[in-house]
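Novice: build the 3D model from these lines:
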Amino acid sequence: MGPAVSRPRIRFLSTGGTLGMLPGSPGPLAPSSVAANVLAYVQGIERELDVSVESLWNLDSSDLSPAHWDALAQAVAARMDGVEGIVVVHGTDTMAWTASALSLALRGLAKPVVFTGAQRPIASVRTDAPENVVNAALCAAMDIPEVSLYFGRYLFRGNRSTKTSIQSYEAFESPDCPPLVEMGVEVRPIKTPLRPAGPLRLELGFDSRVAIVPVVPGAGPAMLEAAVERGMRGVVVQGFGAGNVPQEGWPGALAAAVGAGVAVVVHSHCHRGKVDLRAYVGGRAALAAGVMSSGTMTLECATVKLMHGLARAQGEELRAYYTGDVAGEGA
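Specialist: Have a look, this model is predicted:
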């Protein structure tokens, strides 16, 4: 009889979400006791991995806040010793937001932190949950030391992910950034992972006084002005195409917001492509007003990074932080 084979140790941290929910009788899906016992619904994972589950909280992800992001980052950091990787079970609605936040809060990460969830509860007969759980755990055992997100058949960089479908089992995409791994018949590495310089350190803190303001044809900048009046410290303006804004009213409103000390980022309604504020007259006017560009970031990451930056900097220091690459969000 040969020596026992050491299995990679993977810690699951459950935060709730559809994967661990059950339907009411009658009623909508709601958090349940299943969340703390997800491995009971997965067969065979123990043959390859030494897995354990801990339930941090059991919430619909729409109820999570920046305080939960900080608490989760602290929980992950405290549990890194003695494991090869961590899987975070999370609701799909705000998974890309939390993954973006942890990519900024966990600096110098040396081990994988993989987010996953499901479109249907794991206790259902027809569900995508077991496959996501197994493959996320296998990815957490790989040498991919960054915050990532597994869903469908791909492992994505967490801060480059966005939820694009309510009903598809392949609910997430990563615009302008190839997946890290494809889990098909073969395991196919695609994108070289990050190699952050350690040691691990926590960069906690997110200022929630940030608003998203879409540009609507003919509507004018009233929503931007209202956000400033309500005390927002940051605003993400969703412009058209490469970040274009109407020339009537908007440049003046943007300049007034920046002059009032509000950090303004111009994003795009488009999912793909880089925001280039020099491409059109409206964008150039916005740039002249003092706004920042979101570059190739997702809307989720562009907003979360602004929240993170505002909690630690202002003025030119904030601009340098926001326009620099911190955790592969712009790479």
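
Novice: next up, the contacts around Ala260.
Specialist: By CB atoms under 8 Å, 6 or more residues apart in numbering, the residues touching Ala260 are Val228. For glycine as for every other residue, the C-beta is placed from the backbone atoms N, C-alpha and C.

Novice: actually His308, not the one I typed
Specialist: Taking CB under 8 Å, 6+ apart, one finds 101, 104-105, 203, 205-206 in contact with His308.

Novice: for it, give me phi and psi.
Specialist: The phi and psi values for His308, taken as degrees, to the nearest 10, are phi -70, psi -40.

Novice: pLDDT score assigned to it?
Specialist: His308 is assigned 98 on the pLDDT scale.

Novice: how far away is it from Gln119?
Specialist: His308 sits 29 Å away from Gln119, taking CB to CB, to the nearest Å as the criterion.

Novice: ok, now Leu318?
Specialist: 37 Å.

Novice: please apply the same query to Ala75.
Specialist: Ala75 is 25 Å from Gln119, where distance means CB to CB.

Novice: can you check Ile86 too?
Specialist: Taking CB to CB, one finds Ile86 at 22 Å from Gln119.

Novice: higher neighbour count, these two?
Specialist: Ile86 (23 against 20; other CB atoms under 10 Å).

Novice: just give me the residue right at the centre of this structure.
Specialist: Ala96 (2.7 Å; CA atoms, centre = their mean).

Novice: residue contacts, Ser148?
Specialist: Ser148 neighbours (CB under 8 Å, 6+ apart): 99, 112-115, 139, 155-158, 180.

Novice: assign the residue nearest to the centre of the chain to helix, strand or coil.
Specialist: helix (DSSP: H, G, I helix; E, B strand; the rest coil).

Novice: now it: how far from Ala256?
Specialist: Ala96 is 32 Å from Ala256, by CB to CB.

Novice: before we move on, what about Glu146?
Specialist: Counting by CB to CB, the gap from Glu146 to Ala256 is 39 Å.

Novice: swap in Pro221?
Specialist: From Pro221 to Ala256 the distance is 9 Å (CB to CB).

Novice: before we move on, back to that, inside helices: which ones of the contacts of His308?
Specialist: Counted as lying in helices by DSSP state H, out of the contacts of His308, are 101, 104-105.

Novice: Pro221 and Ala256: which is more packed in?
Specialist: Pro221 (23 against 15).

Novice: wait, the more buried one touches Glu248, no?
Specialist: No - using CB atoms under 8 Å, Pro221 is not in contact with Glu248, being 9.4 Å away.

Novice: now Ala226: how far from Asn135?
Specialist: Taken as CB to CB, the span from Ala226 to Asn135 is 44 Å.

Novice: which stretches in the stretch 151-300 of the chain count as helices?
Specialist: Assigned by DSSP state H, counting those that start in this stretch, the helices in the stretch 151-300 of the chain fall at 222-229, 250-259, 281-288, 299-310.

Novice: tell me the helix or strand right after the last one.
Specialist: Spelled out, it's helix 299-310. Next in sequence after helix 299-310, counting helices and strands by DSSP states H and E, comes helix 315-323.

Novice: distance between that following helix and the chain's centre?
Specialist: Centre-to-centre, helix 315-323 and its host chain are 21 Å apart (CA atoms, centre = their mean, to the nearest Å).

Novice: which residues sit against that helix?
Specialist: 263, 265, 292-293, 295, 305-306, 309-310, 312-313.

Novice: go on, stretch 167-184?
Specialist: Against stretch 167-184 from outside (CB under 8 Å, 6+ apart): 92, 95-96, 119, 128, 135, 138-139, 142, 144, 148-157, 160-165, 187-191, 193, 271-274, 296, 298, 331.

Novice: hmm, 6 Å instead?
Specialist: Outside stretch 167-184, the residues within contact range by CB atoms under 6 Å, 6 or more residues apart in numbering are 119, 128, 135, 144, 148, 151-157, 160-161, 163-165, 188-191, 193, 271-272, 296.

Novice: brilliant, that's me finished.
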